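Novice: Got a sequence here, can you model it:
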Amino acid sequence: LAVVPVKPIDGFGRRWDALVNKARKWETGRPLRLVGVGGGAGGVELLLSMQHRLEQELAGRGPLVVTLVSKSSTVLPGHSPRVQRIFKRILREKQVDVRMG
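Specialist: Model prediction:
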């Protein structure tokens, strides 16, 4: 289990690198779980980027289970309904489990 808070941002790189190193050594067959908190633009972008990188590091050794959690009723609440629909589709295609509210 690893928690990688983004804030304070000046330490994020070091915390992220530690998580990536854990993923490189991840036991084959065991699922690695990634949970992002925050359904705004920053949270969604960061989660999708982290998912991409961890999938590369796992290289098929085990499943990556990704969840997005937000207190909002929808992803990207500050954006247009069209943008929200696009990103809901992207998250679905990327098999991200979205938990709103």
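
Novice: quick one: contacts for Arg15?
Specialist: Val4, Pro5 (Cβ atoms under 8 Å, 6 or more residues apart in numbering). All C-beta atoms are positioned from the backbone trio N, CA, C, and that covers glycine.

Novice: Is Arg33 bridged to anything, and to what?
Specialist: Beta-bridge pairing of Arg33 under DSSP bridges involves Val65.

Novice: Give me the pLDDT for the closest residue to Ala41 other than its chain neighbours.
Specialist: Among residues not flanking Ala41 along the chain, Leu76 sits closest, at 6.1 Å (Cβ to Cβ, 6 or more residues apart in numbering). pLDDT recorded at Leu76 is 98.

Novice: How about the secondary structure of Leu76?
Specialist: Of the three states, Leu76 takes coil according to DSSP: H, G, I helix; E, B strand; the rest coil.

Novice: Output the below-cut-off pLDDT ranges for the chain.
Specialist: Scanning the chain for pLDDT under 70 picks out the ranges 1-2.

Novice: list the contacts for the closest residue in space to Val75 that isn't next to it in sequence?
Specialist: Ranked by Cβ to Cβ, 6+ apart and with sequence neighbours excluded, the top spatial neighbour of Val75 is Gly39, at 4.6 Å. The neighbours of Gly39, taking Cβ under 8 Å, 6+ apart as the test, are Leu68, Val69, Ser70, Lys71, Ser72, Thr74, Val75, Leu76, Pro77, Val98, Met100.

Novice: The residue nearest to Ala41: neighbour count?
Specialist: 21 (other Cβ atoms under 10 Å).

Novice: OK, contacts around it?
Specialist: Leu76 neighbours (Cβ under 8 Å, 6+ apart): Gly39, Gly40, Ala41, Val44, Val83, Gln84, Phe87.

Novice: now the residue nearest to Val75: how far from Leu64?
Specialist: Counting by Cβ to Cβ, to the nearest Å, the gap from Gly39 to Leu64 is 20 Å.

Novice: In terms of secondary structure, what does the helix ranked longest in the chain contact?
Specialist: Longest helix in the chain, counting residues (DSSP state H): helix 41-58. Counting contacts by 3 or more Cβ pairs under 8 Å, 6 or more residues apart in numbering; DSSP states H and E, helix 41-58 packs against helix 12-24, strand 32-37, strand 64-70, helix 81-93, strand 96-100.
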